[in-house]
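Enquirer: Build me a model:
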Amino acid sequence: MLRLQSDVKWVPLRRRLHALFFFFFFGRPSLSSKASENVRPTEAAPRSGPAARLPWPAQPVAHPPARALRPPPRSAVLRPPPVRRRAKPRCARLHHHAQILLTPRRSQRSPLPRLPHAPARPPPDAFVFPILVKNSASGALEPLHGRVLRLGHCADPYIRNAIMDAYAKRGAPANAQKVFEEAPQRTAADWNAMVSGYWHCGDEAEARRMFDAMPAKNVVSWTAMVTGYCKIGEPEKARVVFDAMPERTVVSWNAMLSGYAQNGLAEAALKEIFDAMGRSRNSVSWNAMISGYCREGDLAIARQLFDEMPRRNVISWNSMISGYVQNGQWGNALELFNAMEEEVKPDDVTMASVLSACGHLGALENGRRAAEIISREKIRLGLSGHNALVFMHSRCGSMAEARRVFQEMPTRDVVSYNSLITGLAAHGHGSEAVALLRRMKEEGVDPDRITFLGILTACSHGGLAAQGREVFSAIGSPTVDHYACMVDLLGRAGELDAAAKLVAEMPVAPHAGVYGALLHASRIHRRVDLGELAAEKLFALEPDNAGNYVLLANIYAAARRWEDVEKVREAMQRSGVRKTTACSWVELRGEIHRFTAGDQSHPKGRRSTGCCRSTGRR
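Expert: Here you go, the predicted model:
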């Protein structure tokens, strides 16, 4: 009688019961069958090859006398549902199943040769390669192109065009041209891919040469030329090509319309293109006009077009919200976002604009609510969205959250570093900002003008004069803003003579920020002579800025020169300059409340004033 080897104890109980079920109804499998390789006598010789890895004993193992296997009572057996059966295949199949059920799981995982009827994995086809090419890194594109050549897929125009487009977008138009020249039979799509590729690289001459050499131009070719000229800031040449088009589609009209709008010609686009489109306008047309007017700062007409749109999509809402943010109307942006939630689900572009608006307003509660919406709606933020989140927390003083978001970002660019550096500078973390500059260089991110402005501001507010000098000397060609930060740094450190010398030796003409920093430093250190010099320059550059008059008057008052204080006040009256009213604000329950001196218009102004007075008495 056959006995199973010792590792049969590893077989789960359920599989044993299944095996017994098949034994009872259909008998045991025959040893002559190939399926019975794992059920054998104990005295069998050890195997060689892949199956030798299985835990068969090397020597015969003594086993206790085997009991006869008795099936369970028929009432306890769950019968399978009746199926249609065939005689011979049924026995072979059931014997095979029973043998597998009695085989340990490790044995089933042993390397076995591929079954003859199992098909081999097919090579990537025309649907797979374009996706791989589009999402490949720069270093992986050429090996992938070589794989395409070996498989003979370059004859497929769909794959070939994807490779040409990928080379052009990665700044290698010569490789794209080589693929184009080696094409066995060029199609119109090949020519269009090369025209668009050269425009993407900014090569107007080659794009025009390819366009003129095309044997048969279609509407895609003409539209690519219109888009290309608009991209390089030549809407007049684009209009010449547009007028020469034999036929136009709505895509062609939108390309010309977007070109006008992107180059600051929204009014011309509205009169010449948008009105002429008539019923062929679609959402792309409306969105292009809204973006154009927002870019020009004419938000009234942009909002009018937005309200007149027959159907708005998420791009329409994003265009209007970002227009408000870019033009400093952050409150209107948040109000429009609240209305958007009732109609359209926001995306990552929407949330980036909303977070930026919250940061500019200093509305931390609204910013946290926006972060909750991102989490609730499972919106995947891109790089710009994460940068906006860091900016919002930094501007609102939530530096711990800003650091956390910065550390968790999958990728970081110069904007990411600038957002955190400026936040650290504004809240007195100068040493950490300087350390972040070193980390930025270690990660291969090149600092820009705003980076150095943030570092110099951090050094100025943190009293890090030595580090500030080192950073300033590392700037290749400092701008006038960098000089203004350096003057402020030297002035706060008490080195007013060095600051005045730096202003005198500037290679560019100082602006109001430079003299303003010198005037502030003169007030702090009571340098009347430098204060008078800086104020004289500021009165010429900013005649309507009352703050300069106030600072000079404070300098005279600190020196007890009361007659000069009166002269400054009289000069303000003659010039008609009035001091700008300052205000304080507080955010409560997502709403920002502003208070000015002597203003009783706020509904809870008296109560707030009384609370402040009682707090002051304490």
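Enquirer: I'd like the distance between Asn263 and Met225.
Expert: Going from Asn263 to Met225 by Cβ to Cβ, to the nearest Å gives 16 Å. In short, each C-beta sits where N, CA and C put it, glycine included.
Enquirer: For those two, indicate the residue with more neighbours.
Expert: Met225 (26 against 20; other Cβ atoms under 10 Å).
Enquirer: Now the more buried one. Nearest residue, chain neighbours left out?
Expert: Val241 (4.8 Å; Cβ to Cβ, 6 or more residues apart in numbering).
Enquirer: buried ones in the helix or strand hosting Asn318?
Expert: Element membership of Asn318 [criterion: DSSP states H and E] is helix 314-326. Buried residues in helix 314-326, counted by 16 or more other Cβ atoms under 10 Å: Ile315, Ser316, Trp317, Asn318, Ser319, Met320, Ile321, Ser322, Gly323, Tyr324, Val325.
Enquirer: what does stretch 253-270 give?
Expert: 253-263, 265-266, 268-270.
Enquirer: Stretch 170-187: how far from the chain's middle?
Expert: With Cα atoms, centre = their mean, to the nearest Å as the basis, stretch 170-187 stands 31 Å off its chain's centre.
Enquirer: Name the residues that touch that stretch?
Expert: Residues from elsewhere that reach stretch 170-187 (Cβ atoms under 8 Å, 6 or more residues apart in numbering): 138, 141-142, 145, 154-155, 157, 160, 163-165, 167-168, 190, 193-194, 197-198, 201, 203, 206.
Enquirer: Just the CA trace of stretch 272-283, in CSV.
Expert: The C-alpha trace of stretch 272-283 is given here as CSV (Å, rounded to 0.1, in the frame of the first residue of the first chain):
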residue,chain,number,x,y,z
GLU,A,272,-11.3,90.1,-34.4
ILE,A,273,-11.4,86.5,-33.4
PHE,A,274,-13.9,85.8,-30.6
ASP,A,275,-16.8,87.7,-32.2
ALA,A,276,-16.1,86.2,-35.6
MET,A,277,-16.3,82.6,-34.2
GLY,A,278,-20.0,82.9,-33.5
ARG,A,279,-21.6,79.6,-32.7
SER,A,280,-18.4,77.7,-33.1
ARG,A,281,-17.1,78.9,-29.7
ASN,A,282,-16.4,76.2,-27.2
SER,A,283,-15.2,76.2,-23.6
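Enquirer: which regions of this structure sit below the pLDDT cut-off?
Expert: For the chain, applying pLDDT under 70 flags the ranges 1-126, 138, 579-618.
Enquirer: repeat that for 50
Expert: Low-confidence segments of the chain, defined by pLDDT under 50, are located at 1-11, 29-63, 66-69, 71-72, 74-81, 83, 85-116, 118-119.
Enquirer: what's the domain layout of this protein?
Expert: With domains defined by automatic domain parsing, the chain comprises 6-44+65-80+87-107, 484-580, 585-617.
Enquirer: Verify the contact between Thr457 and His482 for me.
Expert: No: Thr457 is beyond contact range of His482, at 10.4 Å (criterion: Cβ atoms under 8 Å).
Enquirer: Looking at the two, which is more packed in?
Expert: Set side by side, Thr457 and His482 show more neighbours around Thr457, with 22 against 18, by other Cβ under 10 Å.
Enquirer: sec struct for that one, please.
Expert: helix (DSSP: H, G, I helix; E, B strand; the rest coil).
Enquirer: What helix or strand is the residue nearest to Met225 located in?
Expert: Using DSSP H and E, the element containing Val241 is helix 235-244.
Enquirer: for that helix, the distance to its chain's centre please.
Expert: Using Cα atoms, centre = their mean, the offset of helix 235-244 from its chain centre is 34 Å.
Enquirer: Mind checking what helix or strand follows that helix in sequence?
Expert: helix 250-262.
Enquirer: what's next to that following helix, contact-wise?
Expert: 219, 222-223, 226-227, 229-231, 235, 238-239, 242, 245, 266, 268-269, 272-274, 277, 280, 282, 284-285, 288-289, 291-293, 295.
Enquirer: what separates the first helix or strand past that helix going along the chain from the chain centre, distance-wise?
Expert: Per DSSP H and E, the first helix or strand lying C-terminal to helix 250-262 is helix 266-268. Remark: helix 266-268 is offset 31 Å from the chain centroid, using Cα atoms, centre = their mean.
Enquirer: do stretch 238-257 as well
Expert: 32 Å.
Enquirer: Over to stretch 325-332?
Expert: 21 Å.
Enquirer: for stretch 455-465, same thing?
Expert: With Cα atoms, centre = their mean, you get 30 Å for stretch 455-465.
Enquirer: cool, stretch 492-508 as well?
Expert: For stretch 492-508, the distance to the chain centre is 41 Å (Cα atoms, centre = their mean).
Enquirer: So what touches the helix or strand harbouring Leu305?
Expert: Element membership of Leu305, judged by DSSP H and E, is helix 299-308. Helix 299-308 is contacted from outside by 286, 289-290, 293-294, 312, 316, 319-320, 323-324, 327, 329, using Cβ under 8 Å, 6+ apart.
Enquirer: just stretch 501-508 next, same as before
Expert: So stretch 501-508 is contacted by Thr479, Val480, Tyr483, Met486, Val487, Leu490, Pro510, Val514, Tyr515, Leu518 (Cβ under 8 Å, 6+ apart).
Enquirer: how about 6 Å then?
Expert: Residues outside stretch 501-508 that contact it (Cβ atoms under 6 Å, 6 or more residues apart in numbering) are Val480, Tyr483, Pro510, Val514.
Enquirer: When you filter those down to buried only, what's left?
Expert: Members of the contacts of stretch 501-508 classed as buried by 16+ other Cβ under 10 Å are Tyr483, Pro510, Val514.
Enquirer: From the contact counts, what lies against the strand or helix carrying the first one?
Expert: With elements taken from DSSP H and E, the one containing Tyr483 is helix 480-492. On a contact count with 3 or more Cβ pairs under 6 Å, 6 or more residues apart in numbering; DSSP states H and E, helix 480-492 meets helix 449-462, helix 496-504, helix 512-525.
Enquirer: at 10 Å what do you get?
Expert: helix 449-462, helix 465-474, helix 496-504, helix 512-525 (3 or more Cβ pairs under 10 Å, 6 or more residues apart in numbering; DSSP states H and E).
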